[in-house]
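Colleague: next comes the sequence, and after it the predicted model I'd like to discuss.
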Amino acid sequence: MKKLLLVCIFGLAILLSACGSSASASPAVGAVEGYVNSIVANDADKLSSLSCADWESDALIELDSLQAVTSTLEGFACQETGTDGEMTLVHCDGKMILSYNGENQELDLSTRTYQVVEQGGDWLVCGVQ
């Protein structure tokens, strides 16, 4: 009986320690999360600071297209999925809920893969696939 109790306690301790520890997000994932959150927050300065020079105008056009709506995120989570040349690829799940005049429309974020590059020590979104 004591052995069974010890095995159960040991198993529970392992389970709890596995649940409590999580790998910190990579810098590329952090850049994409910040990028998407800056769109939701309508923060053009932050969006620009998280975009590479070649992508900045596209990012600002996307932000401009959402000026008339209120945006929120639902089930938003990102992870690295690989590389493409010098780009790190980051895929996100979840939805951006766009609300206009009391009507909601969902933008499925899983249809995009973000291209992220490190430039001068900063991780920047530099396109989508």
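Modeller: In hand now; what should we look at?

Colleague: would you mind confirming that Val125 makes contact with Cys52?
Modeller: Yes - using CB atoms under 8 Å, Val125 and Cys52 qualify as a contacting pair, with a distance of 7.0 Å. Glycine gets a C-beta too; all of them are placed from N, C-alpha and C.

Colleague: of the two, give the one with the bigger neighbour count.
Modeller: Val125 (25 against 19; other CB atoms under 10 Å).

Colleague: make sure I have this right: that one is in a strand.
Modeller: Yes - counting by DSSP: H, G, I helix; E, B strand; the rest coil, Val125 is part of a strand.

Colleague: need the contact list for it.
Modeller: Residues in contact with Val125 (CB atoms under 8 Å, 6 or more residues apart in numbering) are 31-32, 35, 50-52, 55, 59, 114-116.

Colleague: can you give me the strands for this protein?
Modeller: Counting by DSSP state E, one finds strands in the chain at the ranges 70-84, 87-100, 103-108, 113-119, 122-128.

Colleague: elements contacting the shortest one?
Modeller: In this structure, strand 103-108 packs against strand 87-100, with contacts taken as 3 or more CB pairs under 8 Å, 6 or more residues apart in numbering; DSSP states H and E.

Colleague: so which of the contacts of Val125 wins on neighbours?
Modeller: Counting neighbours by other CB under 10 Å, Val32 leads the contacts of Val125 with 30 neighbours.

Colleague: many thanks, have a good one.
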